[in-house]
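[1] output the structure for:
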Amino acid sequence: MKLMTILSGAIMCIVAAGCDNSNANSGPMSVLPAGWGQKDTVSTPADTTKPVDPVGPEESFTDWTDVSSTFTGLPDYVKIFKSPAELEGRKAVAFIADVDLSKKSFSVWGISDPSLQGSSDALKTPSQVYDAKNKPAVVINGGYFYTDSGKSYAASLAVSNGTLLSPNINYTSQDWVTVYYPTRAVFLEHKDGTYEVAWSYMTTSGKHYVYQQPADNSWDKSPLKTPDAGFPSTAATFEAVNGIGGGPVLLKGGEVVNSYKAEMFDYGGINPTSPNNPRTAIGITADKHLVLFACEGRGMTQDVPGFTTEELANILKAYGCTDAINLDGGGSSMMLVCGKELFKPSDGKQRAVGSCVYIL
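    Reported below is the predicted structural model:
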């Protein structure tokens, strides 16, 4: 557990990045990134992009609306859909980028932190990734991350063109005495052109595994053994051309999974059962379309709260996804199309993040 050495004496000083909530400090300390639930003090450059007007009260949609024609230069393999005025019984400002995977796959930008020891790479806003990556058609924020003592740390998997930029974190604790070893969500593109939602674990010796079910951890019971080639199920050796991690898994094989308890997300900043958070997700449909989802929340538009992860799973299933994972949310949630913000970020401006998914 190399990362423990760095953080055990400084865990309370970590500046959080991710899905923050002002009430989270009343509960136990949660998984890395530590400090979720504290006031976010991560500074980001001023952003001058303007959001597309959200769904107004005069509009009444019964289904997702294709708004692709409102974006100049959008490639034909990408369609942008705006949500109906309500989803899961509440007002919504949400967008889906639907990508035909027979024509184009996704790409990943992330800080380089393959051993989870920290990186000198700067966090970037989605707009900065847009500028750095030849102006992609779509950019969304990716997985979890944090900063400490001038370094950027990844907490979620990122793979770009076969290079592992960072694995998912491989342990967590509330008191840094009792340590758990959760498997966490990944969305992968393989060398053979197939796509997969699964759970991953990378050992301290560098063995990297992929599982079809999570280790059934819980804060209410003793830690399970460290995942290996045979636990929590027979593992495949990790392999991906591109991949992004986060959690929890929302959908697998057409069924709602929402494995936030097993992935140990039920305390701390992502607040899976809170309906008051913006969310970001990535998924795939049965006919091999990539689905990138992001939504507004926390009342940035009046009476638009956000969603729980279960509600998010239901939304994506209803849209047609068979497999999907949750990504970082809260102030990190953002979608750019042709460089334009599609909704109001809950920080009041774009947050600099540790990874992004984009479509060229």
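[2] quick one: pLDDT of the residue nearest to residue 261 when sequence neighbours are not counted?
    Distances taken as Cβ to Cβ, 6 or more residues apart in numbering place residue 218 nearest to residue 261, at 5.9 Å, with adjacent residues excluded. Any C-beta I mention is one placed from the backbone N, CA and C, and that applies to glycine too. Predicted confidence (pLDDT) for residue 218: 96.
[3] for the chain, give me the ranges with low pLDDT.
    Along the chain, the model assigns pLDDT under 70 to residues 1-62.
[4] now do the helices in it.
    In the chain, the helices defined using DSSP state H lie at 2-7, 126-132, 309-319.
[5] how much space between residue 154 and residue 121?
    Residue 154 sits 9 Å away from residue 121, taking Cβ to Cβ, to the nearest Å as the criterion.
[6] before we move on, back to that, state the distance from the residue nearest to residue 261 to residue 249.
    Residue 218 is 16 Å from residue 249, by Cβ to Cβ.
[7] with neighbour numbers in mind, choose between these two.
    Each of residue 218 and residue 249 has its neighbours counted (other Cβ atoms under 10 Å); residue 249 has more, 29 against 13.
[8] hey, what's that one bridged with?
    Bridge pairing for residue 249 (DSSP bridges) gives the partners residue 325.
[9] adjust the sequence numbering to begin at 391 for everything that follows.
    Okay, using 391 as the starting number, the last item reads as residue 639.
[10] that one contacts residue 575, doesn't it?
    Yes - Residue 639 is within contact range of residue 575, at 4.5 Å (criterion: Cβ atoms under 8 Å).
[11] still on that earlier bit, of all the helices of the chain, which lies closest to residue 645?
    Residue 645 lies closest, by Cβ to Cβ, to one member of the helices of the chain: helix 699-709, at 8.3 Å.
[12] packing partners of that closest one?
    The helices and strands touching helix 699-709, judged by 3 or more Cβ pairs under 8 Å, 6 or more residues apart in numbering; DSSP states H and E, are strand 639-642, strand 645-646, strand 670-675, strand 679-685, strand 711-716.
[13] mind running it again at 10 Å?
    In terms of contacts (3 or more Cβ pairs under 10 Å, 6 or more residues apart in numbering; DSSP states H and E), helix 699-709 is packed against strand 476-477, strand 484-490, strand 639-642, strand 645-646, strand 670-675, strand 679-685, strand 711-716.
[14] and the ones you listed as TSV, adding distance to residue 744?
    Below are the helices and strands packed on helix 699-709 laid out as TSV (distance: least, Cβ to Cβ, whole Å):
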stretch	distance to residue 744
strand 476-477	28
strand 484-490	21
strand 639-642	20
strand 645-646	27
strand 670-675	13
strand 679-685	16
strand 711-716	16
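[15] residue ranges of the strands in the stretch 541-690 of the chain, please?
    Counting by DSSP state E, counting those that start in this stretch, the stretch 541-690 of the chain has strands at residues 541-544, 548-550, 553-556, 574-579, 585-592, 598-601, 626-627, 632-636, 639-642, 645-646, 670-675, 679-685.
[16] and these as JSON lines, adding distance to residue 486?
    As requested, the strands of the stretch 541-690 of the chain are exported to JSON lines (distance: least, Cβ to Cβ, whole Å):
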{"stretch": "strand 541-544", "distance to residue 486": "26"}
{"stretch": "strand 548-550", "distance to residue 486": "22"}
{"stretch": "strand 553-556", "distance to residue 486": "26"}
{"stretch": "strand 574-579", "distance to residue 486": "15"}
{"stretch": "strand 585-592", "distance to residue 486": "17"}
{"stretch": "strand 598-601", "distance to residue 486": "26"}
{"stretch": "strand 626-627", "distance to residue 486": "29"}
{"stretch": "strand 632-636", "distance to residue 486": "17"}
{"stretch": "strand 639-642", "distance to residue 486": "14"}
{"stretch": "strand 645-646", "distance to residue 486": "18"}
{"stretch": "strand 670-675", "distance to residue 486": "9"}
{"stretch": "strand 679-685", "distance to residue 486": "5"}
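[17] this completes my enquiry, with thanks.
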